[in-house]
Every structure is written in structure tokens, then in C-alpha cells.
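In: Based on what follows, work out the 3D shape:
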Amino acid sequence: MYEGKYGEDIELWIFATEQYYASRRELMEADSSDFVTMISSNLGKSVLNWYRAFIADCERLQVHPTWPLFKRQLRTRFRPKDFEYDLRERMFRLKQRENIHDYVSKFQDLLSQTELSISEVEKRFFLQNGLREETARKIKEERPSTLQDAIEIASNLLFKSTSPQDLDRSADAASSDPTPTRLRLRFRFRPRLSSSRPPTTASSVWLASQDRHSTCSRVGTGLSAGVERVQ
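Out: You can find the predicted model right below:
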């Protein structure tokens, strides 16, 4: 589906369409509107509105809306006027905000859209400009002659920084303390209760009063018995 949005890769959509309908090459190259009519269902709302006007113009001028004509008019309408400059500006503004593989993938997506030749030095400049400082410095020190060499240097640097030895050391450090973090935190902040002064509750007050009453009763009974014996 082609939506015609800014930054959307129109060339990639055209390429994907031609690959998907490769078995209908004759229909694609025919001097008729059959192929364009067939793929019109793959157009988003904005592009579909343009397509309706395109068909009306073809009927008015009495020309067939062929696939080659459709592609040419589609590029004229939805490609930025200064497309090549805009593309280079986007490559220059692209910055690495995730891992190196995702950054390289986005960079190559932009690079693949250009129709003008770009030297290997320029490709390396655009790639290196958006990399994180440490990675860009390493590439500058190595001075690769091609874009692919620069990508390999950046990828190897990432591999070394996350080597199995580093992961093993991190795992060993984490396993050196047998007490899980969650348990350590739970017991560290658990309030301690004094064993000499149990918490006062309604039930404990009642039990204490019963004990005192029982004690007084026993004392009173003993005194009465003593008095009787004396008498």
C-alpha cells in the first residue's frame, strides 16, 4: 500500500509492485490501462484521489493510462521537488539512537533511494556522522576505503564490547551473592519488634486484666483462710 506520505519510499513501492506482478510482465508493458487498474487497489486515500484526477486527464487527452505513464506522473506528484538534496539532508540528520544494526539499516534504506552517484568517501562521511562518538572515532582511526568496510568496523566494535567473556563476568558477579536482591531488600527494611515489649492490642489488655483479677482473688482467699485459722 502506497500512502504518498513524506519520506515514504516511492521507488521501493514501485519495485515491490513490479516484483509481485513479475509473472504479468506483458500486461505491465502493454499499451493499455489494464495493469494500472489492477494495482489501483494498493493506493492509499490521498494517492487514490490523485489517481482519479490522473484517469480523468488521460480520458480528456485521449491517452492510455499505461504503467510507464502512471509511474512518471506518480513521481512528479509525490516525490519532493528537490528530492536528491532532501535525501542527503535526511542522511546527514540521521543519528544512532539504537544498536548499530538498526542504524545501518535505516541509513541504507535512505541510500538506496538516490539515483545519483555517491562516492564511497561521501557514503562513509554520512554514515560516520550519525554514529556514536566512540564508534565514529574508531572508524576514523581505521580509515576504511569503502562503506562496507566502515560498517564492518562498527559491527566488530559492538561485538567486542559485548563479548561472551564480559557476559560471563557479569553473570559471575551477580551470582557471588547467594541472597536474591528482592529478599535482601525485604529483610533490610522489615521493622523489628522488641521482644521485651509485645505490641499492645485490645485482646492483650483484656487478658492482662483477667490475670490481675485472678491473682487478687487468690490473694484474697488466702488472707481469709489465715484469719479464720487465727480465730
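In: where exactly do the helices run in this structure?
Out: 10-20, 25-29, 34-39, 45-61, 67-78, 83-93, 100-111, 120-130, 133-142, 147-161, 164-175, 181-188, 202-230 (DSSP state H).
In: Least confident of those helices, on average?
Out: The weakest mean pLDDT among those belongs to helix 181-188, with a mean of 45.
In: check contacts around T146.
Out: T146 makes contact with 120, 123-124, according to CB atoms under 8 Å, 6 or more residues apart in numbering. To be clear about C-beta, it is placed using only N, CA and C from the backbone, and glycine gets the same treatment.
In: Out of those residues, flag the one nearest to F78.
Out: Of all the contacts of T146, K123 has the smallest distance to F78: 26.0 Å, by CB to CB.
In: Quick check: nearest residue in space to that closest one, chain neighbours excluded?
Out: L147 (4.0 Å; CB to CB, 6 or more residues apart in numbering).
In: what's the answer for D149, then?
Out: E142 (7.9 Å).
In: okay, now that neighbour: neighbour count?
Out: 14 (other CB atoms under 10 Å).
In: that older thread, is the residue nearest to K123 in contact with V121, as I believe?
Out: No. At 9.3 Å, L147 does not count as touching V121 under the criterion of CB atoms under 8 Å.
In: What residue spans form the domains of this protein?
Out: Domain ranges of the chain: 10-78, 83-161, per automatic domain parsing.
In: still on that earlier bit, just the buried residues from the contacts of T146, in PyMOL please.
Out: Those of the contacts of T146 that count as buried under 16 or more other CB atoms under 10 Å are selected in PyMOL with:
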select buried, resi 123+124
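In: and of the contacts of T146, the nearest to I39?
Out: K123 (33.1 Å).
In: ok, now which ones touch that closest one?
Out: So K123 contacts 111, 146-147 (CB under 8 Å, 6+ apart).
In: neighbours of I153, just the number please.
Out: 19.
In: In contact with it, which residues?
Out: Contacts of I153 by CB under 8 Å, 6+ apart are 138-139, 142, 144.
In: T66 too?
Out: T66 touches 30-33, 35-36, counting by CB under 8 Å, 6+ apart.
In: Retrieve the pLDDT associated with it.
Out: 96.
In: please begin residue numbering at 21 from this point
Out: Sure, I'll start numbering at 21, so the last one becomes T86.
In: Phi, psi for it please.
Out: phi -70, psi 170 (degrees, to the nearest 10).
In: quick one on the thing from earlier: and G24, which of the domains of the chain is closest to it?
Out: Once the domains of the chain are compared by CB to CB, domain 30-98 is nearest, at 4.3 Å.
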